[in-house]
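Visitor: Would you be able to build a 3D model of this:
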Amino acid sequence: MKQIAVMVADDHPIVRNAIKRFFIKKANIDLLGEANNGFELIELIKMSCPHIAIIDLEMPGMNGYDTILELHNNYPEIKTIAFSGFLDSVNQQRAIALGAFSTVSKAESPNVLLKAVELAIDGKHFHSEVIYGFCPESVTEDRYALLTMREKQVLDLIAEGKTSRQISHTCNISKWTVDKHRSNIKEKLEIKSLAGIIRYAIERKQK
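Guide: Numbering: from 1, shown residues only. Below you'll find the model as predicted:
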């Protein structure tokens, strides 16, 4: 039986304690530490590197998305499991684009989370079935044609989960210019929310 070193980042102590109580009974799980946000998790990882990091997507300070990206870039050997009570197709795909190895809804039973951990250590992905993310804004194909080549490039990078700072480096433009492109994209596509833009970008990328 493989020993699996795990860390958990979640800003809700009740959730962390529930995971800890469940995992402590499993002979193959070593819970190395728990954190309240991404910053705390990264500090723990500097002292002891786990095989698996279970990361809540919505946390104060450094959220799960930024944490997953940080670990994907700097600790690629750690398999991250995005963990959320509000998992839908939009944030699931965003987490995957940023480097999440698996995605688990908090609506699942603890046994499902354990299954995801055990599959991950064997290099196998697990993704909870989720609802299609609701976005009230509809976008027609002719609106996409309104975008400039640069705006289309920025939209593609958004679909990959890139931040404005990362897009600015990739495109060799300022962060202010990236933010301006984001604003223009929202206006031209008539999408008001960032979640709506991300969903649209991901859907176009999958076509």
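
Visitor: residue contacts, the closest residue in space to Met62 that isn't next to it in sequence?
Guide: Nearest residue to Met62, sequence neighbours excluded (C-beta to C-beta, 6 or more residues apart in numbering): Gly38, at 3.0 Å. The way it works is simple: take the backbone N, C-alpha and C, and place the C-beta from them, glycine included. Residues near Gly38 by C-beta atoms under 8 Å, 6 or more residues apart in numbering: 9, 55, 59, 61-64, 66-67, 70.

Visitor: Provide the secondary structure category for Arg150.
Guide: Look at Arg150: counting by DSSP: H, G, I helix; E, B strand; the rest coil, its state is helix.

Visitor: What is the lengthiest helix in the chain packed up against?
Guide: Identified as the longest helix of the chain according to DSSP state H is helix 175-189. With contacts taken as 3 or more C-beta pairs under 8 Å, 6 or more residues apart in numbering; DSSP states H and E, helix 175-189 sits against helix 141-144, helix 149-159, helix 164-171, helix 194-206.

Visitor: By mean pLDDT, flag the weakest helix or strand of this protein.
Guide: Scoring the helices and strands of the chain by mean pLDDT, DSSP states H and E places helix 141-144 at the bottom, with a mean of 64.

Visitor: Could I get the full set of strands for this structure?
Guide: 4-9, 29-35, 52-56, 79-84, 102-105 (DSSP state E).

Visitor: Deepest-packed of those strands, please.
Guide: Ranked by mean neighbour count, those are led by strand 52-56 with a mean of 27 (mean count of other C-beta atoms under 10 Å).
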